[in-house]
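> with the sequence up front, the predicted model follows.
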Amino acid sequence: MTRTARRFLAILLAVVTVAAGSALAQVELRMTWYDDGSESQVMRDLLDRFEAANPDVTVVMDVVPYSSGILQSLPLQLASGQGPDMARVTDLGGLSEFFIDLRPHVDDEAYWDVNFGPFLDWMRPAGSEAIPGFMTQLTVTGPYVNATLFEQAGIEVPGPDTTWPEWAQITRDVAEATGTPYAMAMDRTGHRLAGPAISMGAELFDEDGYPAIDDEGFRRMAELMVEWHADGTMIPDVWIGSAGSYVAGNEQFVNAQVVFYMSGSWQIGQFAQLIGDAFDWQAVSNPCGPAACTGMPGGAALVGIADTDHPEEVARVLDFLAQEEQLAEFYGRTLFIPGHLGLAESGVEFDAELQATRDALSTFAAEVPNLHPTAYQLQGYPFNRVVFDAIRDRLTQVFVGELSLDQAIERMQSDIDEQIAETQ
Amino acid sequence: MHATDVLSYAYLAVGVIVMFGPVLWLVASSFKTPAGLLEFPPTFLPYSQQTVEVPGYDEPLPLFEVTLEDGTTERLAQIRRVGLQAQMVDPDDPDERITVGLDQREAIRELRLATENYTVPLERFNFLTYLRNSVVVTVVATLITLVVNSMAAFALSKYKFRGRNAVFLLIIGTLMIPISVILVPVYLVITQVGWVNNLWGVIIPGAATPTGVFLLRQYMLTIPDQLLDAGRIDGASEWRLYWQIVLPLSAPAMAVLAIFSVMWRWNDFLWPLIVLTRSELFTLQVGLNAFQGELNVQWHYVLAMTVLTLLPITLVFAFLQRFITTGIASSGVKQ
Amino acid sequence: MNGASRTKLNELPGKIAFGAVAAVMTVLGWAIEPIQRLIGVRRMAWVFLLPNLAIFGVFILFPMAMNFYYAFTGGTQLYPQNRPFVGTQNFEQIYTCTNYLEPSSCREDLFWRAVFNSGTFVAFHVVGLVFFALVTALVLNAKIRFRGFFRSVYFYPVLLSPVVVALVWKWILQRNGLLNGILDAFGREPILFLLNSEWAMFWVIVVTIWANMGFHTLILLAGLQSIPAELYEAAQIDGSGPVLSFRHITLPLLMPNVIVVLVLALIRAVQMFDLVYVLTGGGPGSATLLMVQYIYEVGFASQIQRFGLAASASVTLGVVLLIATLLQLRLSRGSESHLA
């Protein structure tokens, strides 16, 4: 071989070795994600940007369905040590024992504390100072209405101080006038019912902070729900038609089968895409009861998992995503309410073409100050899913006639007691 | 024709409608637009609204038949809807805007297959990957099942040894417990073996089927022992007796087990759902479930992907149906 | 078998497959045959049993034993060693009832609702299944044309996965679905099938029969075809009509197949889960909640996963199924002795 050829070969070998070396050093992180709309694509764009700036790390997204993937499979994976490196979760309190503490790995702890402060408490066990991750969104529950139907019926959309029974009557009138099959729909979950129940006076907790369901306010709301399902005000397909798990009523609302739909702020992106301008839709403020006009706060968080093999890299990814520039883009494109105090104050430029979308976002943002303390208490309670599922399943049995309301409320409490007892 | 023949053919005709009808309805529905799916009463054929290209507008505009105030009807294209009014234009005269009330217009529809129901979700629904995984799992699992079950059936039918009945009863006894009930313990075993997110974790646990052992043993009992004795006298090893004499003679039952195994593995849902959490490993059923969970509002996509999911097994069935049905029939249920 | 007149191309795939199998078997033999020299012919049975027993032991028996152990533990820890032993507490929780016939009076009311639902479901499903499979087998056994095609028609739904079957029927039964469209064509009001407790159970039974019938039809058809035609001819000569020959020839000789169908259908019905879960989710309320779904929800789908309670319910399920199967087999042996 000539000298030049040998030199060329040596250089080639060196380059290949270095390339192979860096390829070998590449870390693959897995992120379990679920979609309310198509946020996975936004996250993918942000991750691509991170990967371009950090060629030694790749992040693979596993998009799974919310019910079977996040609620059912993920806890089992985490408990058996087979979980991903990061996950988008809603059961913040219940799974907090599995979350990573990013504090030793991030440069600017103060940034995290200042901007995510109150929400971090939701994600960590009581008394802990850990930084597990950040909120992908803050959510507020609240209703949407089909304004076109109101217009067709010649009835004005009610204002902020309208009570639940009044809303029911008004939407019934609109439905009748326009030939819409049903007046109201509500997502099949105790979480959606909690806001209205609290408005009606439910306290949901005793003095020790333990769930106590049976009080006048809760009964009042439960009776309203039973009444609405019995007299055809509320569409039965959501609560009765599909047992076993969470079901949303967005299909019924998008198809203009109902006038009023009790859901939450995370639907805005989906409605912008699916409804477009088929009809005019708007978010309205939460209806009132004797005690309040409140919804429920909530949200999902993107957290790191404690037993990951690559805590440093996980910290780098999450730190990158949590910076204002990335979060502003994320919230702006997904149309989620920011879970970042700095951005909430300075405002996010939402990527919303339709005026309806922008209006809906400001309506929900304006609901935040009206959230009742009990709502926050319930959201922060680690076993709130137990409470929500008990309410949901037992109330459905009343709608169907399997239980009386008294029996159902008794059962709700005993279900909650038995399940929480197992954890002691 | 005999009266009973008429009745028989009538029964069979009803059978065809009842057995094939639902799937045909699924296929027909999968070609409808979302608006078409909402229609009630539903039409069998897929209709969708006609659109027309109008100069000056980027997207094609939907066509309506509009009743104007003077009673005449005209075909107009709609630009947008505002409140209870629709802004429309005449496609031939696009400069003039006409405002029409919502109830004065009727959509003009045409027969059209909404093939976009198939093409759009394929960008998100990784059909080929899921198909590949399903095929790999099904083929490998079936091969292993055939070998392992036939070996066990051979032992249980052609040998007398202590504990034979106990082992057989043990195997059959586990038919009593469905896997969905021992999900968590099996999952823990899989984690210890290290097969989470590994196709082997889906292939191996289901390979030792009690039904397969039972079926093959029943069939092998009918193979005369003299054949084996003759082979032994000739000096053949037990292994050779197994695969050169017993296996070929058990071909009908093996074929039936192969068909069952393909069916079970292909349609396996709950177990792969737990074991496989990485989307690139999903089998077709798990992928369909994930897809359906994500897009509960968009039935048109769900229906289309469901049709795709049942296409492979339908094709296999169409080619091999005679083989399958005669195979099961001839495997015999001899007591 | 291959005739000399066949072209070579036709034989090629078969020959390749056969060659591959032979090669694999020979290679495996290199490992297995020496073992025979060591332990002798009789003990070779265990060598043949080994792979199956190994998989079986590790992935089925051991988890079942673990599950049995779980039934006597409490708490929410996943690993058995971390779970506190609670004796029969889980079983007590399930079996505490003031009135066993009234689920609302039981501590685990959903368990007992599931028991009654499963009982109803199994009874109607098995009877309906056997009836339709038998009728279809009789029809298919007659001298009809395109028999192969019709056989395939009935078998097709068996091939579909439970998830697909449930989705197809959910689509047909929904508010604006095909069935309501047909009702509307006859001028009737739409019925919300899956929102009504009785209708939901009805359709669960119908759909599961639809999905499984073809398989049992083929088993019964095989049995029918093995009955010698001479018996029927002799009966005809004797002057017996079709009903009599059915009762005295067909039914007794078909009994072994019917027993097999009954046992398999019963086992499948008691273990029914994924189809119903996707179709109704156990609803409305708990009208179609079956045993396995109860176990799945308690042990898996809730925030607090109560493995102990779920395990004790599954042990109950296994025992019930075992007793039911043994009873069936005992009865069948009784009927067989009548035959002789």
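Received, thanks.
> let me see the domain layout of the chain.
If you meant another chain, say so; for now it's chain A. Split into domains by automatic domain parsing, chain A comes to A:3-138+A:298-346, A:139-297+A:353-423.
> please refer instead to chain C.
As assigned by automatic domain parsing, chain C contains the domains C:8-70, C:106-339.
> turn these into JSON lines, columns for mean pLDDT and mean neighbour count.
Where C-beta positions appear, they are placed from N, C-alpha and C, glycine not excepted. What follows is the domains of chain C, written out as JSON lines (pLDDT from 0 to 100; neighbours: other Cβ atoms under 10 Å in any protein chain shown):
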{"stretch": "domain C:8-70", "mean pLDDT": "85", "mean neighbour count": "15"}
{"stretch": "domain C:106-339", "mean pLDDT": "87", "mean neighbour count": "19"}
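> and A:Asp389, which of these is closest to it?
Ranking the domains of chain C by their distance to A:Asp389 (criterion: Cβ to Cβ) puts domain C:106-339 first, at 6.4 Å.
> most tightly surrounded among the domains of chain A?
Among those, domain A:139-297+A:353-423 has the highest mean neighbour count (mean count of other Cβ atoms under 10 Å in any protein chain shown), at a mean of 20.
> so, in contact with chain B or not, that one?
Yes - using Cβ under 8 Å from any Cβ of the partner chain, domain A:139-297+A:353-423 reaches chain B at A:148, A:151-152, A:247-248, A:250-251, A:254-255, A:270, A:274, A:277-280.
> returning to what we had before: could you export the domains of chain C as JSON lines, including distance to B:Leu281?
What follows is the domains of chain C, written out as JSON lines (distance: least, Cβ to Cβ, whole Å):
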{"stretch": "domain C:8-70", "distance to B:Leu281": "19"}
{"stretch": "domain C:106-339", "distance to B:Leu281": "18"}
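> can you put the ones you listed in JSON lines and add distance to chain B?
As requested, those are exported to JSON lines (distance: least, Cβ to the nearest Cβ, whole Å):
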{"stretch": "domain C:8-70", "distance to chain B": "4"}
{"stretch": "domain C:106-339", "distance to chain B": "3"}
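> quick revisit: tabulate the domains of chain A in CSV, adding columns for mean pLDDT.
Output for these, formatted as CSV (pLDDT from 0 to 100):
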stretch, mean pLDDT
domain A:3-138+A:298-346, 86
domain A:139-297+A:353-423, 91
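> what residue in the stretch 1-150 of chain A comes nearest to chain B?
Going by Cβ to the nearest Cβ, chain B is nearest to A:Pro65 of the stretch 1-150 of chain A, at 2.6 Å.
> okay but that residue is in contact with A:Trp33, surely?
No - using Cβ atoms under 8 Å, A:Pro65 is not in contact with A:Trp33, being 10.9 Å away.
> so A:Phe350 sits in a helix?
No - A:Phe350 is assigned coil when assessed by DSSP: H, G, I helix; E, B strand; the rest coil, not a helix.
> which among the domains of chain A is found nearest to B:Asp268?
That would be domain A:3-138+A:298-346 among the domains of chain A, by Cβ to Cβ, at 15.1 Å.
> returning to that earlier point: which of the residues of domain A:139-297+A:353-423 next to chain B sit farthest apart?
Spanning the widest gap among the residues of domain A:139-297+A:353-423 next to chain B are A:Glu151 and A:Val247, at 29.2 Å by Cβ to Cβ.
> so which of the domains of chain C is nearest B:Asp5?
Proximity to B:Asp5 (Cβ to Cβ) singles out domain C:106-339 among those, at 7.4 Å.
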